[in-house]
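**Q** when you get a sec, could you give me coordinates for this:
(chains A and B)
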Protein chains: 2
Amino acid sequence: MDFRFEDIGPAEVKRRISAVEPLTESVRDLVDAVIRTEVDDTALDDARRQIDDIVARLRTEEKPGGFGVPFTRDLVGMPWGNAATGVRNAIAPPLRPVTHAGVSTAEVTLGAAYEGPGGHVHGGVLALLLDQLVGECASSGTSMPHFTGTLTVRYVRPTKLGQVSLRAEVTGTQDRKAFVSGEIHDSEGVTAEVEAIMIRPKEFAGRDEVMAAIAEATARD
Amino acid sequence: MDFRFEDIGPAEVKRRISAVEPLTESVRDLVDAVIRTEVDDTALDDARRQIDDIVARLRTEEKPGGFGVPFTRDLVGMPWGNAATGVRNAIAPPLRPVTHAGVSTAEVTLGAAYEGPGGHVHGGVLALLLDQLVGECASSGTSMPHFTGTLTVRYVRPTKLGQVSLRAEVTGTQDRKAFVSGEIHDSEGVTAEVEAIMIRPKEFAGRDEVMAAIAEATARD
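**A** Numbering: from 1, shown residues only, chains lettered A, B, ... in the order given. Just a heads-up that it's a prediction; the model follows:
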């Protein structure tokens, strides 16, 4: 993995999020509007040219590659480009998982941008959100980074577009593995279930090793 | 599922795609630019206000809910809001699966918007794309719509951001089930493998039943 370190504290993190998040929200709104709009072709083309101008201005200063996952001086990760949770990523609904007593939960509203079958959430989007949640659950529950080894999603019935609830919990551990179970609910009950085998990378034997890996990667930059 | 029917042919389909697809492409570019830009806070705020204006104009005429999956008079589906493939959906990379002799393949470039671990593709994004591909494979291979029953993704190693290849094939069928296997490659080999159990809905016993379901849903509108 690529590590990057930024010598900033909570106040600067908060400032940066508040500067960019409203823009991300507006782009999410734009993604939805482009799917559903019925304006004429001329209006579509006008919108395209205006967006191209905005993109050109944003690209006058930009970092190469992905946003990455920089860490603050307090070792708080800033995965702001993350496809499921990123505060800079308009693709992310975004998911905002909360972990308490080993149980991770999230509530999220999935609109037109997350459609698969007509009027329903794309099964793959549910898999994306569940993958993020089981990772959060295994990592928070054990206080060590875990990556997904195997993700199994069983679709019980179609999930209507709208608000859904997600839940996951660690059901056991064995060496570097953590086993996580979870599900997605809509207003009428469970629509999908997940089982995941999560793996803690060998190099992360403990918190000291994680810090050493970040320091080493930062020194390489 | 929600069905909708539009009495249009291939020429009108092509015209509609060519009118909206460049706009969708520009929004994809914008999503990437917002993740990676390093312009100052004032420039971010200017971009936000300009985007809000564009959204307001696009929303002067719009359809409610999701885009849905309307069918043409030739029973060609138009899943243009689809989160993996949609020509109107900036979240979709987009995936463009091709099925030949029972094997579905796709090549796709995954940039900053699809990141999970730093510099790497989000495992859940790979699950999303694989879910779409196994659906395409089972449906094309059997000429009947199939939905995912169970999706199992095994992550072999991290997938770097950039171009990846996907492949899937039907390995067997049993009653209304189709079994599909596949994998994702990057330039250095396989990074993830998938096994899926696909299910043909009971009401789709044959092509006649699919047409009847569409006609009935259209008459209800």
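**Q** can you tell me how far the residue of chain A most remote from its centre is from residue A:189?
**A** Most distant from the centre of chain A: residue A:42, at 35.2 Å, with distances by Cα atoms, centre = their mean. To residue A:189, residue A:42 is 46 Å away according to Cβ to Cβ, to the nearest Å. Every residue, glycine included, has its C-beta placed from N, CA and C.
**Q** quick one: the helices in chain A?
**A** A:10-36, A:41-58, A:123-142, A:207-220 (DSSP state H).
**Q** list the buried residues in the longest one.
**A** Read it as helix A:10-36. A:13, A:16, A:19-21, A:23-36 (16 or more other Cβ atoms under 10 Å in any protein chain shown).
**Q** just how off-centre is that helix within its chain?
**A** 14 Å (Cα atoms, centre = their mean, to the nearest Å).
**Q** show me what that helix is packed against.
**A** helix B:10-36, helix B:41-58 (3 or more Cβ pairs under 8 Å, 6 or more residues apart in numbering or on different chains; DSSP states H and E).
**Q** need those in CSV with distance to residue B:74, can you?
**A** Shown next, in CSV, are those (distance: least, Cβ to Cβ, whole Å):
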stretch, distance to residue B:74
helix B:10-36, 7
helix B:41-58, 29
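**Q** can you list those helices in CSV and add mean pLDDT?
**A** Shown next, in CSV, are the helices and strands packed on helix A:10-36 (pLDDT from 0 to 100):
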stretch, mean pLDDT
helix B:10-36, 97
helix B:41-58, 98
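**Q** pop the domain breakdown of chain A in here.
**A** A:1-94, A:98-208 (automatic domain parsing).
**Q** may I ask which helix or strand of chain A has the lowest mean pLDDT?
**A** The weakest-scoring helix or strand in chain A, judged by mean pLDDT, DSSP states H and E, is helix A:207-220 (a mean of 64).
**Q** can I get the helices of chain A in CSV including distance to residue B:159?
**A** Shown next, in CSV, are those (distance: least, Cβ to Cβ, whole Å):
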stretch, distance to residue B:159
helix A:10-36, 24
helix A:41-58, 26
helix A:123-142, 13
helix A:207-220, 19
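**Q** closest to residue B:46 out of the ones you listed?
**A** helix A:41-58 (7.8 Å; Cβ to Cβ).
**Q** ok now the closest one, how far from the chain's centre?
**A** 27 Å.
**Q** tilt between the strand ranked longest in chain A and helix A:123-142?
**A** Criterion DSSP state E: the longest strand present in chain A is strand A:162-174. Counting by axes from the mean of the first three to the mean of the last three Cα atoms, to 10 degrees, strand A:162-174 lies at 50 degrees to helix A:123-142.
**Q** packing partners of strand A:162-174?
**A** Using 3+ Cβ pairs under 8 Å, 6+ apart: strand A:162-174 touches strand A:103-110, helix A:123-142, strand A:177-186.
**Q** in its sheet, what does it sit against?
**A** strand A:103-110 (antiparallel), strand A:177-186 (antiparallel) (DSSP bridges).
**Q** looking at those strands, which one is packed in the most?
**A** strand A:177-186 (a mean of 20; mean count of other Cβ atoms under 10 Å in any protein chain shown).
**Q** CA atoms only: put that strand into CSV for me.
**A** Coordinates of each C-alpha in strand A:177-186 appear next as CSV, following Å, rounded to 0.1, in the frame of the first residue of the first chain:
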residue,chain,number,x,y,z
LYS,A,177,-8.1,-13.6,10.0
ALA,A,178,-11.3,-12.0,11.2
PHE,A,179,-14.7,-13.3,10.3
VAL,A,180,-17.5,-10.8,9.8
SER,A,181,-21.2,-11.2,9.2
GLY,A,182,-23.7,-8.6,8.2
GLU,A,183,-26.8,-7.6,6.3
ILE,A,184,-28.7,-4.8,4.6
HIS,A,185,-32.2,-3.8,5.5
ASP,A,186,-34.8,-1.7,3.7
